[in-house]
Every structure is written in structure tokens, then in C-alpha cells.
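**Student:** My questions are about this predicted structure, shown below with the sequence.
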Amino acid sequence: MPWQGSLKHLFLFDVDGTLVSPGGVSRGLLSRAITYETGQDIELGYNDVAGFTDLSITRHALSNLNIDGLISPRLLDVILERYLAYVKSEFTQSAEPFVHDDCIAFLNTVENAGHATCLFTGNMKSVAKIKLSRFGIWDRFPFGVFSDDAEDKNSMLRIVQERAWDVLEESFRMEQMVVVGDTVQDAEAAKENGCKSVIVCRVAEKKEAIDDVGPDILVDDLSDPDLLNRLYH
């Protein structure tokens, strides 16, 4: 059946790997913040960060350091505060990050079709704002749900519903929500909560694992102008 254009949907856009590529900048800065505050050398890789929240990445990294009594709410806060300071001073100066034009094209299509949009990201809100503001797209989203709100993406979707009512004064059932992301975790969050999903795989070796979750649409890029119709075919 064709896209149900008469029914408004809420599209939840992930940031890293979906809207923008941070290169290795973000994980490098978080690694440096953890190292500074603990005195323990650590280097976060792609698999350590992709699909996870800033808080869960940091907590897991500290756990891997295996130092008794190391993890505390205060230490987590201090690390993330230092990470934010690094992002403020260095993210906009780096030549590595870039915006994914295919996702912007899809965002345009979604908006032009009259659907609502928001952010659905593991970034802290302040970090997401810095990243998206660099490319002039922060203000395109009326609200979002961030690492500040929940430690894992599965639990974020109920918050999205509540915030949509608070900000848009509109109610969206789970089946009216579409996760637009790039990781296994994005696909799983959608599947487990009864949402639809459009997943773009930008790392070829991750495609099989994402496909195993069963996203509604799995693509190599988001440039197909018929993606909306494909959601209901």
C-alpha cells in the first residue's frame, strides 16, 4: 500500500552517522576526557561508541578500566563536562566532520510531506547542538531526546512521545513514529517499541548485523526520493 499521507508521522533522526559524520573527532575527545580524569590511557573505537549514548559509553569505558570504586556519578559528570569543553573548543575547528547530504535530502522530503521531526540521539543535548549548529541544521528540529534524558535508546522512545505532546501538542502512537538511524541499536529500539525504521548503513561490515534485526528499510544511503512510499510497500 502507498505511504499513508493523510496520517501525520513523527520521524526521529539520529545525529552521528545519520545526519552528520563526526569522523573520529567525538570519540577522540571523549577518550581524552576519560584519560585526563582517570589517569588511565584509553582509546575508544567505532564499536565502542556507535549506537550508544555518551553516558553509557563513558560508564562502559570506566568499567573496562577495572579499577575498584572508580565509577561514581560525580566522576561521570566530571568526564562529560570535560568532554563538552573539548567539543566546544575543538569540534568546529576540525576538518573531519561533515554533513550527510543524503540525509538532509530525506529530511527535506519528510518535512515537505507534512510530517513532524525530532532528534533521537545518544549525544548530550549540548554536544548535539554544537555538531548540528556547525552545519546550520540544529534549528530544523523542534525538540529531541538525548543522553541527558536516558542512558539507552530503547528507553528514549516513551520520552519522545511525552515530549512531542509537550512541544508539538500532538499525540503519536508508536506505530506513527519512524526511527531514522544508522546502527543496530537504532533498529532494535524501533523494533522493540513497535516503531518503523529507516536505517542507513554507512559501514559495510555492519550491514548483516543490522539486517538481522529486521528494519523496515535498510539502505546504503538515503537519497532515494521514494523512501517514504517504500515504508508501506
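**Tutor:** Structure received. Residues are numbered from 1 along each chain as shown.

**Student:** Let me know the average pLDDT across stretch 206-219.
**Tutor:** In this model, stretch 206-219 has a mean pLDDT of 96.

**Student:** any residues touching that stretch, and which ones?
**Tutor:** Outside of stretch 206-219, the residues that reach it under the criterion C-beta atoms under 8 Å, 6 or more residues apart in numbering are 50, 183-184, 187-188, 190-191, 196-201, 227, 230-231. Using the backbone N, CA and C atoms, a C-beta is placed for each residue, glycine as well.

**Student:** How far does it sit from its chain's centre?
**Tutor:** Put simply, stretch 206-219 sits 16 Å off its chain's centre (C-alpha atoms, centre = their mean, to the nearest Å).

**Student:** For it, measure first residue to last.
**Tutor:** Taking C-alpha to C-alpha, to the nearest Å, the span from the opening residue of stretch 206-219 to its closing residue is 12 Å.

**Student:** Any buried residues in it, and which?
**Tutor:** Along stretch 206-219, the positions that meet the burial threshold by neighbour count (16 or more other C-beta atoms under 10 Å) are 206, 210, 213, 215, 216, 217, 218, 219.

**Student:** which one among those gets closest to residue 103?
**Tutor:** residue 219 (11.0 Å; C-beta to C-beta).

**Student:** Spatially nearest residue to residue 8, not counting backbone neighbours?
**Tutor:** What sits nearest to residue 8 in space, not counting adjacent residues and going by C-beta to C-beta, 6 or more residues apart in numbering, is residue 115, at 5.9 Å.

**Student:** related to what we said a few turns ago, can I have the buried ones of the contacts of stretch 206-219 as a PyMOL selection?
**Tutor:** Typed into PyMOL, the line below selects the buried ones among the contacts of stretch 206-219, using 16+ other C-beta under 10 Å:
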select buried, resi 50+183+184+187+188+190+191+196+197+198+199+200+201+227+231
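
**Student:** Can you tell me which of the contacts of stretch 206-219 is closest to residue 156?
**Tutor:** Among the contacts of stretch 206-219, residue 190 lies closest to residue 156 (C-beta to C-beta), at 10.9 Å.

**Student:** name the helices or strands packed onto the worst-scoring helix or strand of the chain on mean pLDDT?
**Tutor:** The element with the least model confidence among the helices and strands of the chain, by mean pLDDT, DSSP states H and E, is helix 46-49, at a mean of 86. Based on contacts counted as 3 or more C-beta pairs under 8 Å, 6 or more residues apart in numbering; DSSP states H and E, the elements that helix 46-49 packs against are helix 25-38, helix 54-65.

**Student:** about what we covered before: and the buried residues of stretch 206-219, which two are the farthest apart?
**Tutor:** Put simply, by C-beta to C-beta the two of the buried residues of stretch 206-219 set farthest apart are 206 and 216, 17.3 Å from each other.

**Student:** Redo the buried residues of stretch 206-219 as CSV? Include secondary structure.
**Tutor:** As requested, those are arranged in CSV below (DSSP: H, G, I helix; E, B strand; the rest coil):
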residue, secondary structure
206, helix
210, helix
213, helix
215, coil
216, coil
217, strand
218, strand
219, strand
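
**Student:** Please name the residues that touch residue 51.
**Tutor:** Remark: with contacts taken as C-beta under 8 Å, 6+ apart, residue 51 is in contact with 122, 153, 181, 183, 184, 185, 186.

**Student:** Then residue 25?
**Tutor:** Listed by C-beta under 8 Å, 6+ apart, the contact partners of residue 25 are 90, 91, 94, 96, 97.

**Student:** one more time with 10 Å
**Tutor:** Contacts were defined as C-beta atoms under 10 Å, 6 or more residues apart in numbering; by that measure residue 25 touches 86, 87, 90, 91, 93, 94, 95, 96, 97, 131.
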